[in-house]
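**Student:** prediction below, plus the sequence it came from.
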Amino acid sequence: QVQVVESGGGLVQAGGSLRLSCATSGSIFSINVMGWYRQAPGKQRELVAAITSIGNTNYTDSVKGRFTISRDNAKNTGYLQMNSLKPEDTAVYYCKITGYYSGSYYPRFDYWGQGTQVTVSS
């Protein structure tokens with residue numbers, strides 16, 4: 001099995017910063033994509049940022065220039081540095097990983113963490 005645990009959320013004032021971490025463990029051969037998603041009350045879960053194993057990244061438009069996604073492949077750990085936070089960034093942030101259990105590259109897995117709350121006050 002695979003475990004995904006997010007940490008680093010909290011309460012911050014607008015303009016502040018937080019760094020989220022996504023720690024993984026278990027039967028992981030490789031993680032192809034690490035993604036950060038968020039879900040605000042009454043809204044659908046949305047992709048915030050994602051990073052591939054070779055470092056290609058993409059961001060939703062609302063966070064470009066403010067958030068930075070990164071990963072440590074040796075530790076199978078991911079990060080989301082969030083700067084210039086706004087009240088509209090308030091949400092539960094989830095880490096999702098997509099990868100493989102073994103070198104046969106089959107089957108593929110997808111795992112989600114439990115989420116970490118980020119609250120930005122105005």
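**Tutor:** Received the coordinates, thanks.

**Student:** what about the strands in the protein?
**Tutor:** Listed in chain order, the strands of the chain (DSSP state E) span residues 2-7, 10-13, 18-26, 30-39, 46-52, 57-59, 67-72, 77-82, 91-100, 108-112, 116-121.

**Student:** by contact count, what packs against the fourth one?
**Tutor:** Packing partners of strand 30-39 (3 or more Cβ pairs under 8 Å, 6 or more residues apart in numbering; DSSP states H and E): strand 18-26, strand 46-52, strand 67-72, strand 77-82, strand 91-100. In short, each C-beta sits where N, CA and C put it, glycine included.

**Student:** try it again with 6 Å
**Tutor:** Applying 3 or more Cβ pairs under 6 Å, 6 or more residues apart in numbering; DSSP states H and E, we find strand 30-39 packed against strand 46-52, strand 91-100.

**Student:** residues in contact with it?
**Tutor:** Identification of contacts with strand 30-39 by Cβ atoms under 6 Å, 6 or more residues apart in numbering yields 45, 47-53, 71, 76, 78, 80, 91-100.

**Student:** good, wrapping up.
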